[in-house]
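Trainee: the sequence and its predicted three-dimensional model are supplied below.
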Number of protein chains: 2
Amino acid sequence: MTAQQMRSPTAEAVGIAAAKIAQLLPQTPLLEVEINGHTVWCKAECLQPIGAFKIRGAWHRLSDLSDAERAAGVVGVSSGNHAQGVAWAARRLGIAATIVMPVDAPQVKLEATRAMGAEVVLYDRPGGEDRDALAAKLCSERGATLVHAYADPWVIEGQGSAGLEIAAQLAARGFAPPTRVIAPCGGGGLTAGLALALPDAEIVPVEPEGWDDVRLSLASGEIQRVAADAPPTACDALQTPATWPINFAVLKQRCAYGLAVSPAEVRAAQRFAFSKLHLVVEPGGAAALAAVLAGMVPVDGRTAIILSGGNTDPESFAKVLQGTN
Amino acid sequence: MTAQQMRSPTAEAVGIAAAKIAQLLPQTPLLEVEINGHTVWCKAECLQPIGAFKIRGAWHRLSDLSDAERAAGVVGVSSGNHAQGVAWAARRLGIAATIVMPVDAPQVKLEATRAMGAEVVLYDRPGGEDRDALAAKLCSERGATLVHAYADPWVIEGQGSAGLEIAAQLAARGFAPPTRVIAPCGGGGLTAGLALALPDAEIVPVEPEGWDDVRLSLASGEIQRVAADAPPTACDALQTPATWPINFAVLKQRCAYGLAVSPAEVRAAQRFAFSKLHLVVEPGGAAALAAVLAGMVPVDGRTAIILSGGNTDPESFAKVLQGTN
């Protein structure tokens, strides 16, 4: 990690990121839905051009690179959504992108990343290969810039632009800013960004059971790692072993607690989004909605939920729709 | 049909309808997707609160009723999307709504209509029962106002507001208005509304094979009816026996031709919307996209497609995702 990356993310730069992103991408809709008698606002980030919010941080990061940095290319690490964000931004800016992805990433994510012109380097996630070490090696060999999926100030700021959009969209409809935002959490890039964007809102990160290192970190006050024998999860987008200090510095200030949802709760949320919102939401993208539907967190008319991504295989989604649990 | 309903729809009133709807409903997104090397703009009406564009015409119609008309209630006829539009608007305005629906309407549509407080009266569509006669009888008995699903000037004008939104959304991104809009077509309410909204655009109605009465009407210059032995279709929203003079008066002036799509082409379009747009689109809602994907109509960077609805059963959608044709 370079010195430049170690600067802290700022609320001011979230605003700069939001302005850059507004020039490029239309706002994703903020959809109204009734849950337990209350209106809840769902930010449909699955409708981004790459099907996930990750396009925000990647664009803010890559568009701020110097000409020399652009010429040397970028390296990203991702199970697929950050991969597509980096690939999308790189193609648009004419930057060579290499993405380190796990061999067990969803096929749709691997294909979409390659289709956008990025080089994909696979690593053995099930076998425990260290993806960060592999990415560092590639950067060192090529002089390329690492674009970390969450431990990067630009990436955090870019993701935070979703929070400013929520507040602006509520204001346009005559409502006050959200008092609570519930978000799927992998490494904590989105969660930290939302915390910077919305200083007066409670920010609640939600992780899959067994991958709830941020929840445990918040409870203990120190960064915890996922257990080596963590169960498999369909929430590939949230399958991160630990948050990083740059993220945790924000989270521990702003998040009172984290939540963990079960596979069945995630599937129920995907079905709810299908029938009530007509959206395709991937397992990890549905984690925050799952927590709300399971009654884990109070909601009122000023609660927002992030539906963070929709990149899922048709076969997997069909099984979710046919399931009954 | 009352004398009031027989006035012609006007372009000016499409603008009035659009202004009323803008106060109530946020714009549905206009999503960019690449087809055959061109950017095509998809208007995601499946993201309306009722999952279909029908909320537009129903709102324009019901909100223009007099106090006396409101007190006497409304009667609608629909396989489900117009039903939900009328029920939604009626609940919001405190009007009693009765909807005549076919016994074989999708379960999700029946349930959603009842859940919004409307009384549902079933008719035997497979047995050939005349739904218009049944609705007229109910109106006569109750003194209620008929809100026809398409043969109504307010309904046509309301649906047309989608066309004005498309033009405004393109303008906001620096683009000229669309030169061609391709839309699913049942009775021709949406198509006629779009034609009024966008006088300089080519408007192309798309129907399911065997239910292509508008296509045949345009070809012959006179209103044609669907054959008595028309095949079953998954596109329940487009299953109308014939267009009406109020619609055809606009269509024959503005639509050079209509198109018909096969069941397999519709399913392919639903799968495309799933994977590329992360949207749940019902069969009838995917008809226009199906025609474009099948190469039936030329596209360029100024072509818009209406994705008109997303109300489909999970079991049916799962089968579409698992299909290979």
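Mentor: Cool, the structure landed. Residues are numbered from 1 along each chain as shown, chains lettered A, B, ... in the order given.

Trainee: all the helices of the stretch 1-150 of chain A, residue numbers only.
Mentor: A:11-24, A:54-63, A:67-72, A:81-93, A:107-115, A:131-142 (DSSP state H, counting those that start in this stretch).

Trainee: the stretch 151-300 of chain A now?
Mentor: Under DSSP H, counting those that start in this stretch, the stretch 151-300 of chain A gives helices at A:153-172, A:189-197, A:213-220, A:245-254, A:263-272, A:287-293.

Trainee: as CSV, the ones you listed with mean neighbour count, distance to chain B and mean pLDDT would be great.
Mentor: To be clear about C-beta, it is placed using only N, CA and C from the backbone, and glycine gets the same treatment. What follows is the helices of the stretch 151-300 of chain A, written out as CSV (neighbours: other Cβ atoms under 10 Å in any protein chain shown; distance: least, Cβ to the nearest Cβ, whole Å; pLDDT from 0 to 100):
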stretch, mean neighbour count, distance to chain B, mean pLDDT
helix A:153-172, 25, 8, 98
helix A:189-197, 31, 17, 98
helix A:213-220, 20, 26, 98
helix A:245-254, 18, 26, 98
helix A:263-272, 22, 7, 98
helix A:287-293, 29, 14, 98
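
Trainee: out of those helices, nearest to B:Gly189?
Mentor: helix A:153-172 (28.8 Å; Cβ to Cβ).

Trainee: show me what the closest one is packed against.
Mentor: helix A:11-24, strand A:30-35, strand A:38-44, helix A:54-63, helix A:189-197, helix A:245-254, strand A:303-307 (3 or more Cβ pairs under 8 Å, 6 or more residues apart in numbering or on different chains; DSSP states H and E).

Trainee: wait, isn't A:Thr10 in contact with A:Ala195?
Mentor: No. Using Cβ atoms under 8 Å, A:Thr10 is not in contact with A:Ala195; the gap is 11.8 Å.

Trainee: how many neighbouring residues does A:Val280 have?
Mentor: 28 (other Cβ atoms under 10 Å in any protein chain shown).

Trainee: ok, now A:Arg142?
Mentor: Neighbour tally, A:Arg142, other Cβ under 10 Å: 14.

Trainee: enumerate the residues of the stretch 51-200 of chain A near chain B.
Mentor: Neighbours of chain B within the stretch 51-200 of chain A, by Cβ under 8 Å from any Cβ of the partner chain: A:51, A:108, A:169, A:172-173.

Trainee: could these go into TSV alongside distance to A:Val261?
Mentor: Below are these laid out as TSV (distance: Cβ to Cβ, whole Å):
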residue	distance to A:Val261
A:Gly51	21
A:Val108	22
A:Gln169	26
A:Ala172	31
A:Arg173	29
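
Trainee: what is the nearest of the residues you listed to A:Ile203?
Mentor: A:Gln169 (17.6 Å).

Trainee: spit out the contact partners of that closest one.
Mentor: Neighbouring residues of A:Gln169 by Cβ atoms under 8 Å, 6 or more residues apart in numbering or on different chains: A:27, A:30, A:41, B:26.

Trainee: got a pLDDT number for the closest residue to A:Asp212 other than its chain neighbours?
Mentor: With Cβ to Cβ, 6 or more residues apart in numbering or on different chains as the criterion, A:Asp212 has its nearest non-adjacent residue at 3.9 Å, and that residue is A:Ala260. pLDDT, A:Ala260: 98.

Trainee: who does A:Ala260 bridge with?
Mentor: With DSSP bridges applied, A:Ala260 shows beta-bridge pairing to A:Glu207.

Trainee: that one contacts A:Pro205, correct?
Mentor: No. Counting by Cβ under 8 Å, A:Ala260 does not reach A:Pro205; the two are 9.8 Å apart.

Trainee: which one of these two has more residues nearby?
Mentor: The neighbour comparison of A:Ala260 against A:Pro205 (other Cβ under 10 Å) goes to A:Pro205, with 32 against 22.

Trainee: what's the distance between the helix-or-strand element of chain A with minimal mean pLDDT and the middle of its chain?
Mentor: The least trusted helix or strand in chain A, going by mean pLDDT, DSSP states H and E, turns out to be helix A:107-115, with a mean of 90. Its chain's average C-alpha position is 17 Å from that of helix A:107-115, according to Cα atoms, centre = their mean, to the nearest Å.

Trainee: buried residues in that helix?
Mentor: Buried residues in helix A:107-115, defined by neighbour count with 16 or more other Cβ atoms under 10 Å in any protein chain shown: A:108-110, A:112-113.

Trainee: got the domain ranges for chain A?
Mentor: Here the domain parsing of chain A from automatic domain parsing is A:7-52+A:153-322, A:56-147.

Trainee: quick check: A:Val121 vs chain B, distance?
Mentor: 24 Å (Cβ to the nearest Cβ, to the nearest Å).

Trainee: burial measure for that residue, as a count.
Mentor: 16.

Trainee: just the one 5 residues further on next, same as before
Mentor: Other residues near A:Pro126 number 9, with proximity taken as other Cβ under 10 Å.

Trainee: quick one: contacts for the closest residue to A:Trp41 other than its chain neighbours?
Mentor: Leaving aside its sequence neighbours, A:Trp41 sits nearest to A:Ala304 (Cβ to Cβ, 6+ apart; 4.4 Å). Counting by Cβ under 8 Å, 6+ apart, A:Ala304 touches A:30, A:40-43, A:166, A:170, A:178, A:180-182.

Trainee: what do you get for A:Glu69?
Mentor: A:Thr145 are the contacts of A:Glu69 under Cβ under 8 Å, 6+ apart.

Trainee: residues contacting A:Lys252?
Mentor: By Cβ under 8 Å, 6+ apart, the contact set of A:Lys252 is A:217-218, A:221.

Trainee: same list (those) but as a markdown table, adding distance to A:Glu157.
Mentor: Shown next, in a markdown table, are the contacts of A:Lys252 (distance: Cβ to Cβ, whole Å):
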| residue | distance to A:Glu157 |
| --- | --- |
| A:Ser217 | 21 |
| A:Leu218 | 21 |
| A:Gly221 | 25 |
